[in-house]
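K.L.:
quick one: sequence and predicted model below, then my questions.
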Amino acid sequence: MNTFFCSDNSREVGEDLIGSASNYQTYILVECPPPWSPEAVDSRWIPESLQMLIKDIKRQKLPISFLLISNNSSHKIEQTTLLIYQKKEGLSNGYHKQEFCLTNIEQVATVIKNLLSGSIDYEVETSTTRDILICTHGNRDRCCARYGNPFYFHATTSVFSLGLDNTRIWKSSHIGGHRFAPTAIDFPEGRYYGGLDQESFKSILTRSGDINSLTKVYRGWGILPNAIQVLERELILRHGWDWFDYKVTGKIIQQYSEGKMVLGEITFEKPDGSVCCYQAKLVKDETKAVKIKTSCSSPQETVVVNYAVDSLWLASTKLATCSK
């Protein structure tokens, strides 16, 4: 019997990845050597204090994502890296990073509690390092092992060959969207990618090449609501790689017909200080609906219908011309 791989299935039916990025206020990334249990919180090296904290935060349904991360040095070093990325308010280019170098993983829960209560008395590292997480959580879904692990190897090689000293590649526990493996999150921006290959990854690293290549690998920007991620991709294609230097905010203004149509808005600020606002009508595109299994272990298929930009217009502008 042939083994089923959900990512193969997603590619075969031509599923569009856009609009699938998770929307969290805070990401808490804890360095922890694999293997990781199917539920990362239950992994061997996670102390009880951290397990209890994570489960308590989940019970409260706070917009916080806990992820385990590791790299090729994680087994060898006698320290634990803790990265906390928090969404910026208003016009922003992503998330604000705080980095802690702790003696061991036992200290993590205390630091997180202090952060959430607003009192931090540890040394905080705030360098401009770029952290790219690649899901390799094979115990959660076999596609993340089959495609994530080899891609991690190629990604680290690419970063080294390009001389990108400020970019770190991490293996990560489940980030969502197994069927898009290999999947990645690019911090501090918080942009999600899937179906990556070496060529598309090099374009993302260097912000160069054909901008249209992003249509096959871009899942969306985690600071935006899912429907607005579709609008943002349209604006990326209009503005090119320059878009990645803009500060952005977006929102759903109004929903119609139980969410089948939404009025959305994106405002952005260019480096020269000009501010532009686009609005768009986004509709669920039934003609491109696909029937898929959302993970390798899904018992049944799900019909996935994505939004499409029906109409787009410039709502307001300040100081400069915004359209291209």
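P.N.:
Sure thing, it's come through.

K.L.:
residues contacting T317?
P.N.:
T317 makes contacts with 274-277, as judged by Cβ atoms under 8 Å, 6 or more residues apart in numbering. In this view, the C-beta of every residue, glycine as well, is placed from N, C-alpha and C.

K.L.:
name the element it belongs to?
P.N.:
Counting by DSSP states H and E, the element that carries T317 is strand 307-318.

K.L.:
quick revisit: farthest pair in the contacts of T317?
P.N.:
S274 and C277 (11.1 Å; Cβ to Cβ).

K.L.:
quick one: low-confidence ranges for the chain?
P.N.:
1, 119-126, 319-324 (pLDDT under 70).

K.L.:
how far off centre is stretch 258-277?
P.N.:
20 Å (Cα atoms, centre = their mean, to the nearest Å).

K.L.:
check which residues of that stretch are buried.
P.N.:
Across stretch 258-277, burial judged by 16 or more other Cβ atoms under 10 Å covers 261-262, 264-270, 275-277.

K.L.:
same thing with stretch 28-39?
P.N.:
So, applying 16+ other Cβ under 10 Å, buried residues of stretch 28-39: 28-34, 36-37.

K.L.:
picking up where we left off before, between the buried residues of stretch 258-277, which is nearest I253?
P.N.:
E265 (5.5 Å).

K.L.:
for that closest one, which non-adjacent residue is spatially closest?
P.N.:
Q279 (4.9 Å; Cβ to Cβ, 6 or more residues apart in numbering).

K.L.:
residues near the one you found, how many?
P.N.:
17 (other Cβ atoms under 10 Å).

K.L.:
that one pairs with what?
P.N.:
Taking DSSP bridges as the rule, Q279 bridges to E265, W313.

K.L.:
from I266, how far off is it?
P.N.:
As judged by Cβ to Cβ, to the nearest Å, Q279 and I266 stand 8 Å apart.

K.L.:
do Y27 as well
P.N.:
22 Å.

K.L.:
surely Y147 is in a strand?
P.N.:
No: read with DSSP: H, G, I helix; E, B strand; the rest coil, Y147 is helix and lies in no strand.

K.L.:
so R140 touches G177, yeah?
P.N.:
No: here R140 does not reach G177: they are 11.5 Å apart, not a contact under Cβ atoms under 8 Å.

K.L.:
which one's more surrounded, the two?
P.N.:
Neighbour count, other Cβ under 10 Å: between R140 and G177, G177 has more, with 26 against 22.

K.L.:
among the buried residues of stretch 258-277, which two are most distant?
P.N.:
The widest separation within these (Cβ to Cβ) is 29.7 Å, between M261 and K270.

K.L.:
so how far is N71 from A145?
P.N.:
Applying Cβ to Cβ to A145 and N71 gives a distance of 17 Å.

K.L.:
ok, the closest residue to D131 other than its chain neighbours - contacts?
P.N.:
Distances taken as Cβ to Cβ, 6+ apart place F187 nearest to D131, at 4.4 Å, with adjacent residues excluded. Applying Cβ under 8 Å, 6+ apart, we find F187 in contact with 27, 83, 85, 94-95, 97, 130-133.

K.L.:
just H75 next, same as before
P.N.:
H75 neighbours (Cβ under 8 Å, 6+ apart): P33.

K.L.:
for it, pull up the helix or strand it's in.
P.N.:
Judged by DSSP H and E, H75 forms part of no helix or strand.

K.L.:
likewise for D131?
P.N.:
Going by DSSP H and E, D131 is in strand 130-135.

K.L.:
R11 too?
P.N.:
helix 6-12.

K.L.:
contact partners of the next helix or strand after that helix?
P.N.:
Reading on from helix 6-12 to the C-terminus, the next helix or strand found by DSSP H and E is strand 26-31. The set of residues external to strand 26-31 that reach it, using Cβ under 8 Å, 6+ apart, is 46, 50, 62-70, 74, 80-87, 95, 105, 108, 112, 131, 133, 170, 172, 185, 187, 190.
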